[in-house]
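Engineer: sequence and predicted model, in that order:
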Amino acid sequence: MNSVASAALLAVTISLIGTSTLSGDDSGGTAQIERGRYLIAITGCNDCHTAGYAEREGEVSESQWLQGDTLGWKGPWGTTYAPNLRLSLSRMTADEWVFYARSLRARPPMPSVQLHNMHEEDLRAIYAFVGQLGPLGDPAPSYLPPGQEPTTPYVLFPSPPADEKTD
């Protein structure tokens, strides 16, 4: 085998090794990233975590997804804001994200039970997808306790009805 053929074979081998290593780690192979994109799209993450997504019926460029929002969600719990997931997840490892998602006890309207029930592979796919988007944007406003009036637009939730006893 001549030196050109040897060099070509070495380059192909290194390329294949690199590809198999990347697809097996938490940075996400193409299939894992596509799974994460799908999960973000169907589980409603963008409805709150992407400004204007619901109002535009999903017609928001993927490059703008998951940057949080300044729209508040006000109720008896205070006022919450959907955080910038691109910034939040960029500060976590995949393992830290899985632990966080499993233990999250968020205020409304975040349906944290959905994260608790996801398969670990799905949580890792979400991490891979958000990771490939890259950190972008600003942090969302901080939580406001009950009685503090938000300075941003907000959705007002009524107090829940009093518990009714059934026989």
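Structural biologist: Received, thanks. Numbering: from 1, shown residues only.

Engineer: centre-most residue in this protein?
Structural biologist: Note on the chain: the residue nearest the mean C-alpha position is residue 85, at 4.9 Å, using C-alpha atoms, centre = their mean.

Engineer: quick check: next helix or strand after whichever strand or helix holds residue 42?
Structural biologist: Element membership for residue 42, per DSSP states H and E: helix 30-43. Once the chain leaves helix 30-43, the next helix or strand it forms, by DSSP H and E, is helix 45-49.

Engineer: the residue nearest to the centre of the chain contacts residue 50, doesn't it?
Structural biologist: No: with contact defined as C-beta atoms under 8 Å, residue 85 does not count as touching residue 50 (9.2 Å). Using the backbone N, CA and C atoms, a C-beta is placed for each residue, glycine as well.

Engineer: list the buried residues for the helix holding residue 42?
Structural biologist: 32-33, 35-37, 39-40 (16 or more other C-beta atoms under 10 Å).

Engineer: give me the nearest residue to the residue nearest to the centre of the chain, chain neighbours excluded.
Structural biologist: residue 66 (4.2 Å; C-beta to C-beta, 6 or more residues apart in numbering).

Engineer: need the contact list for that neighbour.
Structural biologist: Each residue near residue 66 by C-beta atoms under 8 Å, 6 or more residues apart in numbering is listed here: 40, 45-46, 49-50, 84-86, 130, 133.

Engineer: JSON lines for these, including pLDDT and distance to residue 102?
Structural biologist: Formatted as JSON lines, these follow (pLDDT from 0 to 100; distance: C-beta to C-beta, whole Å):
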{"residue": "40", "pLDDT": "98", "distance to residue 102": "18"}
{"residue": "45", "pLDDT": "97", "distance to residue 102": "17"}
{"residue": "46", "pLDDT": "98", "distance to residue 102": "22"}
{"residue": "49", "pLDDT": "98", "distance to residue 102": "19"}
{"residue": "50", "pLDDT": "98", "distance to residue 102": "24"}
{"residue": "84", "pLDDT": "98", "distance to residue 102": "21"}
{"residue": "85", "pLDDT": "98", "distance to residue 102": "16"}
{"residue": "86", "pLDDT": "98", "distance to residue 102": "21"}
{"residue": "130", "pLDDT": "98", "distance to residue 102": "17"}
{"residue": "133", "pLDDT": "98", "distance to residue 102": "22"}
